[in-house]
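Chemist: Below: sequence and its predicted model.
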Amino acid sequence: MSTINEQKTVAELVTERPDRTRIFERLGIDYCCGGRKTLAQACQEKGLDVRTVVATLQAVEEAAEAQTRAGVGAEAETEAEAEAGATGWTAASLAELCDHIVATHHRYLYEELPRLEALLARVVEVHEERHPELLEVQGVFGGLRDELVSHLMKEEQVLFPTIRELETRGQESSGFRLGSLVNPIRVMEMEHESAGQALAKMRELTGGYAPPADACNSYRALLTALAWLEQDLHMHIHKENNILFPRALAAEQGQ
């Protein structure tokens, strides 16, 4: 096993081995919007000892490889983790990656956002008197939902078709102007940053999605679903910011 380089960016480390997201999620290290920071920088900002984090990553990976050699499959803790480790998307075509993001992450959001909105409304109605922070969670979620719906539409109707056409027909034959992807991608990245801030705020308001002592089953289900939403969006944004977008920009430059 190669030594983990603390001067590599967090995004590079996750792209090499998507299962590293499990440790980064637990430590609160941002590998999507903040993925361009080196591991050393990310640890310093979180007040973490980078040598301890590297040792933790190394130990987990050594244990996983030992299990593989022994024929034992470690069960992923969440569906997002299982999907994260399933495919290395740096080798796929840009069209395949776009299709995967739409079929997996966009579809998840289309199904989950309305369900979460309704569940959150029920929990707020019952628990807002004892937990007024839920009203703020509801407000943050509503803003995130509205932004995501618009964001998905722009990706599916404008950006992703442009990327597919660039890959299929090439820059010259399809009439692309050099740099035509720069501004749309910059807008998407800014919206990703906004979504990341909303997720961080909901995590803060809910104490890390920890259910209070008086939480009913619906309240607990809501917090679990919000935590899953956070994990899926982190992986979703990582695939776009750190894999799809850089590759698309490189293709436009003829690299």
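Modeler: Great, that's in hand.
Chemist: Any stretches of the stretch 101-250 of the chain with poor pLDDT?
Modeler: Scanning the stretch 101-250 of the chain for pLDDT under 70 picks out 170-179.
Chemist: so where do the helices sit in it?
Modeler: 107-127, 133-154, 160-169, 182-205, 217-239, 245-252 (DSSP state H, counting those that start in this stretch).
Chemist: Quickly compare these and say which is most buried.
Modeler: Counting by mean count of other Cβ atoms under 10 Å, helix 217-239 has the highest mean neighbour count of the helices of the stretch 101-250 of the chain, with a mean of 19. Every C-beta, even on glycine, is put in place using the N, C-alpha and C of the backbone.
Chemist: got the CA positions of it in PDB?
Modeler: The C-alpha trace of helix 217-239 is given here as PDB (Å, rounded to 0.1, in the frame of the first residue of the first chain):
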ATOM      1  CA  ASN A 217     -40.000   7.900  15.500                       C
ATOM      2  CA  SER A 218     -40.800  10.500  12.800                       C
ATOM      3  CA  TYR A 219     -38.400  13.000  14.400                       C
ATOM      4  CA  ARG A 220     -35.700  10.300  14.400                       C
ATOM      5  CA  ALA A 221     -36.500   9.300  10.800                       C
ATOM      6  CA  LEU A 222     -36.200  12.900   9.800                       C
ATOM      7  CA  LEU A 223     -32.700  13.300  11.300                       C
ATOM      8  CA  THR A 224     -31.500  10.100   9.700                       C
ATOM      9  CA  ALA A 225     -32.900  11.200   6.300                       C
ATOM     10  CA  LEU A 226     -31.200  14.600   6.600                       C
ATOM     11  CA  ALA A 227     -27.900  12.900   7.400                       C
ATOM     12  CA  TRP A 228     -28.300  10.700   4.300                       C
ATOM     13  CA  LEU A 229     -29.100  13.800   2.200                       C
ATOM     14  CA  GLU A 230     -25.900  15.400   3.400                       C
ATOM     15  CA  GLN A 231     -23.800  12.300   2.500                       C
ATOM     16  CA  ASP A 232     -25.300  12.000  -0.900                       C
ATOM     17  CA  LEU A 233     -24.900  15.600  -1.700                       C
ATOM     18  CA  HIS A 234     -21.300  15.600  -0.600                       C
ATOM     19  CA  MET A 235     -20.600  12.700  -3.000                       C
ATOM     20  CA  HIS A 236     -22.700  14.300  -5.700                       C
ATOM     21  CA  ILE A 237     -20.800  17.600  -5.500                       C
ATOM     22  CA  HIS A 238     -17.400  15.800  -5.300                       C
ATOM     23  CA  LYS A 239     -18.100  14.000  -8.600                       C
END
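Chemist: quick one: stretch 244-253 to chain centroid distance?
Modeler: Chain-centre distance of stretch 244-253: 19 Å, with Cα atoms, centre = their mean, to the nearest Å.
Chemist: picking that back up, can I get the helices of the stretch 101-250 of the chain in TSV with distance to Ala11?
Modeler: Listed next are those as TSV, based on distance: least, Cβ to Cβ, whole Å:
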stretch	distance to Ala11
helix 107-127	21
helix 133-154	20
helix 160-169	19
helix 182-205	12
helix 217-239	7
helix 245-252	9
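Chemist: So for Thr90, which of those sits nearest?
Modeler: helix 245-252 (7.7 Å; Cβ to Cβ).
Chemist: can you tell me which of the helices of the stretch 101-250 of the chain comes nearest to Cys32?
Modeler: helix 217-239 (3.6 Å).
Chemist: that older thread, just so I know, which of the helices of the stretch 101-250 of the chain lies nearest Cys33?
Modeler: helix 182-205 (4.3 Å).
Chemist: quick one: contacts for the residue nearest the centre of the chain?
Modeler: Among the residues of the chain, the one closest to the centroid is His234, at 1.5 Å (Cα atoms, centre = their mean). When contacts are counted by Cβ atoms under 8 Å, 6 or more residues apart in numbering, His234 touches 21, 25, 30-32, 199.
Chemist: Ile4 too?
Modeler: Contacts of Ile4 (Cβ under 8 Å, 6+ apart): 13, 39, 54, 57-58.
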